[in-house]
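Peer 1: Here is the input, now give the coordinates:
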Amino acid sequence: MDDMKDHITIDSTAKNTEEQLQEQTQYERVLVSVTGKDRPGVLYALLKTANDFQVDVLDVQQSTVHRRVTIAVELGIHRNCPKQLSIYRQLLIVAKEMKLRLDFQLTNLPEGHYSSSFIDVASSNASRRRQYAITVLSREVITPKFLANLGTLLIEQGLSMEKIQRLSEKTLQCLEITVSSHGTFDATFLHVFRKKLFSLGKEYQIDIAIQPENIMRRSKRLVVMDMDSTLIQQEVIDELARYANVFEKVKEITYRAMNGEMDFKESLRQRVSCLKGTPISVFQKVISSLNYTEGARTLCSTLKRLGYKLAVISGGFDFVTQYVRRELSLDYDFANQLEIDSNGCLTGRTVGPIVDAQRKADLLQTLAQMEHITCDQVIAVGDGANDLPMLSKAGLGIAFNAKPAVQEAANFRINIRKLDAILYFLGIPEKEHLSLSHNTT
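Peer 2: Coordinates of the predicted model:
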């Protein structure tokens, strides 16, 4: 629909304003809307008619729900076209033959309302419609009341709905809504709007994510995930503590660390010291009892088939991350290394650099450089306060069933316990990601 506007420019080679306005008023923009039972050839018949009468097709959109099709085609027709009435007549004949309902609507600005300010705006990149993808993800079913309140909020922000698509397969659990804005929608405004969406979502126990609908959203290439309480359901150090008979003490320190109530390095030092004297053989017991988060295998297999690189970066221990990497066919793993004495027991100390919050973020950036991509092309997933720097550095940083303080700070969040729900944020319908994960040919 911006094609005509793009012809209106103000420079030394352009037509003068009066000629431009005259050309605009001689050009009729007509929105043709068709609804009815879907059948092969509907869109083809409309476009063939446009071609037969040599009119311009300015825009076209189609959606199908339960075999009911809705098609919108915007045509550009010169008002001095000798066959103008015949075009409308032929479109009506096509609709009648295919048992469809057809409506016409003029979309031109009213004559006399063109102005120099319209021309200036039309030639400005900043004024063109900016599209955003809003992902709505519910733990149960998305209700009409929620959608009504979301619609009100969008109107208040000057956003128009352009398309709604159901991504979940069986129930109305996930929707993707494409919205657009003519006005200024800078980073500050987007940050404030995300806070409003977060507040609305909390009221209905629904996660709402908004992303610019552009090529960067569809160009993610690397996914970096936390392990404990993200890829797997347990906290490994807590499980080790069970075998060392210090479970309650270690669990309390873990809770405080993940909520950001104490420094991660100090919390790790205290917890590891509690494990002194524990035989290294307990790791095999922990590994044998690992419970992967629902959807973890589907997520990983789907992304691998799409060509993504996958990494686990954990504040836990390399004995487990190495196993998880092999089990889920990941490409990289990073974690802390425990010191072992000559008797095969833990000394209560670590070896090498600690994988804390800053190191997680640094490793994400290093992996992006290794893969020759930008951080905007990275997805990061985690649940703890030590994941926040990593989440903020990624183009799509998701707090997964995270602690309250982490959810408040994150731009994106998921509160259903299915890791493959991340695929919704990439616009991948459930039917497609299930097909990808199961199709190994």
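Peer 1: So, low pLDDT: which residues of the chain?
Peer 2: 1-26, 81-84, 108-128, 183-184, 438-441 (pLDDT under 70).
Peer 1: Where do the domain boundaries of it fall?
Peer 2: What automatic domain parsing lists as the domains of the chain is 3-122, 129-212, 222-438.
Peer 1: Can you tell me which of those domains is packed in deepest?
Peer 2: domain 222-438 (a mean of 19; mean count of other CB atoms under 10 Å). Just so you know, the C-beta spots here come from the backbone N, C-alpha and C atoms, and that holds for glycine as well.
Peer 1: Am I right that Leu434 falls within a helix?
Peer 2: Yes: applying DSSP: H, G, I helix; E, B strand; the rest coil, one finds Leu434 inside a helix.
Peer 1: need the contact list for the spatially closest residue to it that is not a sequence neighbour.
Peer 2: Nearest residue to Leu434, sequence neighbours excluded (CB to CB, 6 or more residues apart in numbering): Thr298, at 7.1 Å. Contacts for Thr298 (CB atoms under 8 Å, 6 or more residues apart in numbering) come out as 419-420, 433-434, 437.
Peer 1: Between which two of these is the distance greatest?
Peer 2: The most widely separated members of the contacts of Thr298, counting by CB to CB, are Leu419 and Leu434 (13.8 Å).
Peer 1: quick one, strands of the stretch 251-400 of the chain?
Peer 2: Along the stretch 251-400 of the chain, counting by DSSP state E, counting those that start in this stretch, strands occupy 309-317, 332-340, 346-351, 378-382, 396-400.
Peer 1: what's the closest of those strands to Leu197?
Peer 2: Between Leu197 and the strands of the stretch 251-400 of the chain, the tightest spacing by CB to CB is seen for strand 396-400, at 14.1 Å.
Peer 1: would CSV of the strands of the stretch 251-400 of the chain with distance to Leu147 be doable?
Peer 2: Shown next, in CSV, are the strands of the stretch 251-400 of the chain (distance: least, CB to CB, whole Å):
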stretch, distance to Leu147
strand 309-317, 34
strand 332-340, 40
strand 346-351, 50
strand 378-382, 27
strand 396-400, 23
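Peer 1: closest one to Leu47 among these?
Peer 2: Minimum separation from Leu47 across the strands of the stretch 251-400 of the chain (CB to CB) falls at strand 396-400, 36.2 Å.
Peer 1: residues making contact with the helix or strand following that closest one?
Peer 2: Proceeding C-terminally, strand 396-400 gives way to helix 404-409 as the next helix or strand, assigned by DSSP states H and E. For helix 404-409, contacts defined as CB under 8 Å, 6+ apart pick out 198, 259-260, 382-385, 387-388, 399, 413, 415.
Peer 1: quick one, helices of the stretch 151-300 of the chain?
Peer 2: 187-204, 236-243, 247-258, 264-274, 282-288, 296-305 (DSSP state H, counting those that start in this stretch).
Peer 1: now the strands for the stretch 51-200 of the chain?
Peer 2: 56-65, 68-78, 101-106, 130-138, 160-166, 174-181.
Peer 1: Who are the packing partners of the second one?
Peer 2: Other helices and strands packing on strand 68-78, by 3 or more CB pairs under 8 Å, 6 or more residues apart in numbering; DSSP states H and E, are strand 27-37, helix 42-52, strand 56-65, helix 84-97.
Peer 1: partner strands of it, parallel or antiparallel?
Peer 2: Strand pairing for strand 68-78, determined by DSSP bridges: strand 27-37 (antiparallel), strand 56-65 (antiparallel).
Peer 1: Show residues contacting that strand.
Peer 2: By CB under 8 Å, 6+ apart, the surrounding residues in contact with strand 68-78 are 1, 3-4, 26-39, 42-43, 46-47, 50, 55-64, 84, 87, 107.
Peer 1: okay, that strand in CSV with CA atoms only?
Peer 2: Extracted C-alpha coordinates of strand 68-78, given in CSV (Å, rounded to 0.1, in the frame of the first residue of the first chain):
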residue,chain,number,x,y,z
ARG,A,68,-13.7,-20.2,5.5
VAL,A,69,-11.5,-17.8,3.4
THR,A,70,-11.1,-14.1,3.7
ILE,A,71,-9.2,-12.3,1.0
ALA,A,72,-8.4,-8.6,0.7
VAL,A,73,-7.0,-7.2,-2.5
GLU,A,74,-6.2,-3.5,-3.0
LEU,A,75,-6.4,-2.4,-6.6
GLY,A,76,-5.2,0.8,-8.2
ILE,A,77,-7.5,1.9,-11.0
HIS,A,78,-7.1,5.1,-13.1
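Peer 1: Report the contact partners of the residue nearest the centre of the chain.
Peer 2: In the chain, the residue lying closest to the centroid (CA atoms, centre = their mean) is Phe425, at 2.7 Å. Shown in contact with Phe425 (CB under 8 Å, 6+ apart): 135, 209, 211, 396, 398, 412.
Peer 1: How far off centre is stretch 134-144?
Peer 2: A distance of 15 Å separates the centroid of the chain from that of stretch 134-144, by CA atoms, centre = their mean, to the nearest Å.
Peer 1: repeat for stretch 240-252
Peer 2: Centroid separation between stretch 240-252 and its chain, computed with CA atoms, centre = their mean, is 38 Å.
Peer 1: Then stretch 90-97?
Peer 2: In terms of CA atoms, centre = their mean, the centre of stretch 90-97 is set 40 Å apart from its chain centre.
Peer 1: Residues in contact with that stretch: which ones?
Peer 2: 32, 34, 36, 45-46, 49, 52-53, 101-102.
Peer 1: With distance to Val236 as added columns, please give those residues in JSON lines.
Peer 2: Shown next, in JSON lines, are the contacts of stretch 90-97 (distance: CB to CB, whole Å):
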{"residue": "Val32", "distance to Val236": "61"}
{"residue": "Val34", "distance to Val236": "58"}
{"residue": "Gly36", "distance to Val236": "57"}
{"residue": "Ala45", "distance to Val236": "61"}
{"residue": "Leu46", "distance to Val236": "59"}
{"residue": "Thr49", "distance to Val236": "65"}
{"residue": "Asp52", "distance to Val236": "68"}
{"residue": "Phe53", "distance to Val236": "69"}
{"residue": "Arg101", "distance to Val236": "61"}
{"residue": "Leu102", "distance to Val236": "63"}
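Peer 1: And these, which is closest to Arg139?
Peer 2: Closest approach to Arg139 among those (CB to CB): Gly36, at 35.8 Å.
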